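Visitor: Sequence plus predicted model, see below.
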Amino acid sequence: MIPDPSVDSARVIASLESEGYTVTEQDEDPIAVLRTVDGVATADIDALETEADAAAELGTGVADLDTETKTADAKVASDSGAIRAGVFAAVAALSVLALA
């Protein structure tokens, strides 16, 4: 699981501690922890895990597309600059010929 970047963990911990809670951080698989909770159906956990995996893959796909888009944008900008330079050179050459 990827932590939600919009959550300021330090702020959450400070808030809990200010309310008198003792906070310890640990890195655990939330699905594995959920499997230890009595009364939660295995099928529901399996479905949640499948959806979480699919969402993670989708996020990776979106990041890959974003990278490809930036690469394509840079190529278009580069090609556009080359085309402008070529047009400018052609216009300059025609101007020279027209003056001759």
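Guide: Thanks, I have it.

Visitor: from here on, contacts and neighbour counts on C-alpha atoms
Guide: Noted.

Visitor: Contacts for stretch 18-35 next, please.
Guide: 1, 13, 16, 17, 40, 42, 45, 49 (C-alpha atoms under 8 Å, 6 or more residues apart in numbering).

Visitor: Go again with 10 Å.
Guide: 1, 9, 12-17, 40-42, 44-46, 48-49, 52 (C-alpha atoms under 10 Å, 6 or more residues apart in numbering).

Visitor: tell me which element residue 95 is part of?
Guide: Assigned by DSSP states H and E, residue 95 belongs to helix 42-99.

Visitor: Export stretch 40-58 to CSV, keeping only CA atoms.
Guide: Taking C-alpha atoms only, stretch 40-58 is exported to CSV below (Å, rounded to 0.1, in the frame of the first residue of the first chain):
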residue,chain,number,x,y,z
VAL,A,40,-14.3,-9.7,8.7
ALA,A,41,-15.2,-12.0,5.9
THR,A,42,-12.2,-13.4,3.9
ALA,A,43,-14.1,-12.9,0.7
ASP,A,44,-14.5,-9.2,1.5
ILE,A,45,-10.8,-8.9,2.3
ASP,A,46,-9.9,-10.7,-0.9
ALA,A,47,-12.1,-8.3,-2.9
LEU,A,48,-10.6,-5.3,-1.2
GLU,A,49,-7.1,-6.6,-2.0
THR,A,50,-8.0,-7.2,-5.7
GLU,A,51,-9.4,-3.7,-6.0
ALA,A,52,-6.4,-2.1,-4.2
ASP,A,53,-4.0,-4.0,-6.5
ALA,A,54,-5.9,-2.8,-9.6
ALA,A,55,-5.9,0.8,-8.3
ALA,A,56,-2.1,0.6,-7.8
GLU,A,57,-1.6,-0.7,-11.3
LEU,A,58,-3.8,2.0,-12.7
